[in-house]
Structure formats: C-alpha cells, structure tokens
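1. Give the three-dimensional model of this entry:
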Amino acid sequence: MPKAQETVLEIDLSALKHNFEYLKSRLNKNTKFLAVVKAFAYGNDADEIALFLQNLDVDYFAVAYTNEGVALRNAGVTKPILVLHPLPIGFENLIKHCLEPSIYNAKVLHEFLQVASDKKQKHYPIHLKFNTGLNRLGFSEDDIERLYSKINTSEAVEVKSIFSHLAASEDLKEKEFTLQQIASFKTITEKFTTIFGFQPMLHLSNTSGILNYPEAHLDMVRSGIGLYGFGNSEKENKHFRPIASLKSVISQIHEIPEGETVGYNRAYKSKSLMRTATIPIGHADGIGRQYGNGKGFVIINEKKAPIIGNVCMDMIMVNVTDINCEEGDEVIVFDALHTAENLASCANTISYELITAISQRVKRVIKK
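-> Predicted coordinates:
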C-alpha cells in the first residue's frame, strides 16, 4: 500500500480474520461467537467489519445502542444483533429492524412488553442481563420470580438468552473475584431454569474471559477488543494482530531558535536550536491533550518523535531535531508494531479509549 499522504486509518481485514480464527481456536466447536461491533467497531468501521465477519460465520453481533444496530441492518447485516443498552424511546425502531434487546431492569421490561404487545409481536427474542458484580446494569438473582410472573403472562416475548459481564477477567490478581462471578452466574442460571422450566442460551465471557476462563465459555462468548488485535496481556498479545494503523504526514517543518515557544499557551520552550514537524491530526481526531508535552509520540522514519507543547484541535507538533525527514514524509501514530496500547500507556490510559476516540472525519482505508 502506498504511503499516507493525509491522515488515514488503515484497517487490515486479514488481521481481523487472524484474530477471529485464533479466538475461535480457544473455544469448543459448539460454542457460538458474538462479535462486539459497538462504537463503530471500536473506532474502526462497523459496516465493513460486520459484513466481513458475517461472511466468516460469526453467530451474533452486539452493539451498545439501537441506532448502531439500525446502521448495521442498513448496511446489509442479517445475523442477529443484540443491543446491550437499549433505551425505551427506541423500542419501536428496534423492533422494526429486528434487533434483540438486552433487558436489564423492571422498568425496561415493562416498557418493552408494552411496545411489543402494541406491535402484536409473538415470541420476540429478548436477552435478560444479570448483575454478578460489575454493578453497572442487570437484574439480581432475587428478581427471577418476578421476571417469571411478568414474562410468563405475555406471549409477546421469548427469553433467547441470559447473560452477565465479567468485571476483571483480564486481571489474574482478581481471579478469586472472577470465579465468584462465574459461580454467581451459575446459581442464577440454575434458579432461572428451575422457575422458568427451560434453559436459554448462556453467555458470560468477554475477550479476557475467553482467554483466561475456559470454564466460563458456556453456550456463547462475546469478543470485542480481541477481534481488533489486543489480548489484554503481554502473554496473549503475541497471538493477536492489531487491525488498525493510524497514519499521517508531515505538513511543515520549522526551525525553532533557542528560547522560542511552540503551540498554544506557549507550553513548550526551546532550550536550543531545534526542528519541529507539524502533523495534521489533533484532539478533534482522537489524539487528546493528555498526549501532549512529551507524553505521547509518533514514529517518523522508524524513529520516535515526541509530541511537544499542547495538542491542538487539528494538529500536533513533534520534535524531529534528530530525525532525517522532510515535508511530505509519512508519520505513524500507531500500527501493528508501534501499537495503540503502547501509545495509550504513555498517557496512563488504555487502548480501548485511544482507538474508539478516532474521529469519523479521519478517512478509513480498507486493506482486503
């Protein structure tokens, strides 16, 4: 592929296929695979990625909000789509596009039953979320009898699955807590099966759950960050290939005399004659101000160029005093070698935050 002449996010579908196949290799052959493609597929391109994974026989997709699922349907995604955090205002649209809601409290259940009944739905698939320790969304074990009395009196819905979410599956120092969550979910599923008289599909594991807790794979697993190339540990990262490369170009090079300042608020002051390069990417593109003032860096001609001064909305300035470069040279913000995880750690954050922040104004280039 030719070198970048503007700011682009290159997305490597062969790396995505590799990651999917590696994750699948860790599963029992009967375990279903749900691909999490919320937040534009973690800042990449949800339409392209979902359609590609659909052709690889992914069983399910998940998004956070209804409008994300509608966009996938409009793009041609036909596989089941679980909406993890649907809001009642979108229930009619959700049903219109055959999306499947996560039901996580009594109010949401009541409102969805009402809309589904008004729309004359029969056995519409819903997924019941239970809280086992993340304390974010979900019913408790004590809610199961009330759920039965509510759901059993309606033909509008059918429980397709029950699920929960692991809070710290990537942190082996929290193994005791994770095992407690797994045990809690088992107790919930047993009570649910006894009261409802059947056992729906069960799912609990995220990417790190897939890798660290095979006993929790159950009927289906849900993977987000692993598909995009991160295993949440040095041990596992070697098995993954980051799918995205964020690249840009040097717009201008300046010589900065000793004592002059660079950027807004004069945040950087030159201690000697130096050269800087201006790059057309900034906090409006997802490179937050926390990467400025020497914390973050880019790669130019295989050398690190620290970001100096404050990150601007549309630009960063980097120190290229010791780098042989010129205007028009390619700049690597992150790629498979210089990963988003490494860059994020410089600003005391995580790869998830960095990659999902990449603005939609950044051009996506699909490598097939």
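2. just for this structure, where's the confidence low?
-> Applying pLDDT under 70 to the chain flags the ranges 1.
3. any idea which residue sits dead centre in it?
-> Tyr42 (3.6 Å; C-alpha atoms, centre = their mean).
4. Thought Leu354 was touching that residue, still the case?
-> No: using C-beta atoms under 8 Å as the test, Tyr42 is too far from Leu354 to be in contact (10.1 Å). Quick note: C-beta positions are derived from backbone N, CA and C, even for glycine.
5. Which parts of the chain are helices?
-> 13-25, 38-43, 46-55, 66-75, 91-96, 106-118, 144-151, 175-196, 207-212, 234-237, 340-346, 351-356 (DSSP state H).
6. Out of these, flag the one nearest Leu82.
-> Ranking these by their distance to Leu82 (criterion: C-beta to C-beta) puts helix 66-75 first, at 8.4 Å.
7. now the helices of the chain in TSV, with distance to Ala305?
-> TSV is the format used below for the helices of the chain (distance: least, C-beta to C-beta, whole Å):
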stretch	distance to Ala305
helix 13-25	25
helix 38-43	23
helix 46-55	30
helix 66-75	36
helix 91-96	46
helix 106-118	49
helix 144-151	56
helix 175-196	40
helix 207-212	32
helix 234-237	24
helix 340-346	12
helix 351-356	18
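8. looking at the ones you listed, which is closest to Met313?
-> The nearest among the helices of the chain, by C-beta to C-beta, is helix 351-356 at 17.3 Å.
9. Could you list the buried residues of the closest one?
-> Residues of helix 351-356 classed as buried: Ser351, Tyr352, Leu354, Ile355, Thr356 (neighbour count, 16 or more other C-beta atoms under 10 Å).
10. What about Ser208, how many residues nearby?
-> 22 (other C-beta atoms under 10 Å).
11. wait, I meant Phe61
-> Neighbours of Phe61 (other C-beta under 10 Å): 28.
12. which residues does it contact?
-> Counting by C-beta atoms under 8 Å, 6 or more residues apart in numbering, Phe61 touches 34-37, 50, 53-54, 69, 72, 77, 79-82.
13. again, but for Leu211
-> Taking C-beta under 8 Å, 6+ apart, one finds Arg26, Gly226, Gly231, Asn232, Ser233, Glu236 in contact with Leu211.
14. now do Ala75
-> So Ala75 contacts Ala46, Asp47, Ala50, Leu51 (C-beta under 8 Å, 6+ apart).
15. Can you select the buried ones from these in ChimeraX?
-> Applied in ChimeraX, the following selects the buried portion of the contacts of Ala75 according to 16+ other C-beta under 10 Å:
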select :46,47,50
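16. which stretches of the stretch 201-350 of the chain form strands?
-> 201-203, 220-223, 244-249, 252-256, 261-262, 268-269, 274-279, 297-300, 303-308, 316-319, 330-334 (DSSP state E, counting those that start in this stretch).
17. Make TSV from these and add distance to Ile210 and mean neighbour count to it.
-> Listed next are the strands of the stretch 201-350 of the chain as TSV, based on distance: least, C-beta to C-beta, whole Å; neighbours: other C-beta atoms under 10 Å:
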stretch	distance to Ile210	mean neighbour count
strand 201-203	11	21
strand 220-223	5	24
strand 244-249	21	24
strand 252-256	46	14
strand 261-262	45	17
strand 268-269	44	18
strand 274-279	37	20
strand 297-300	31	22
strand 303-308	33	19
strand 316-319	36	25
strand 330-334	24	22
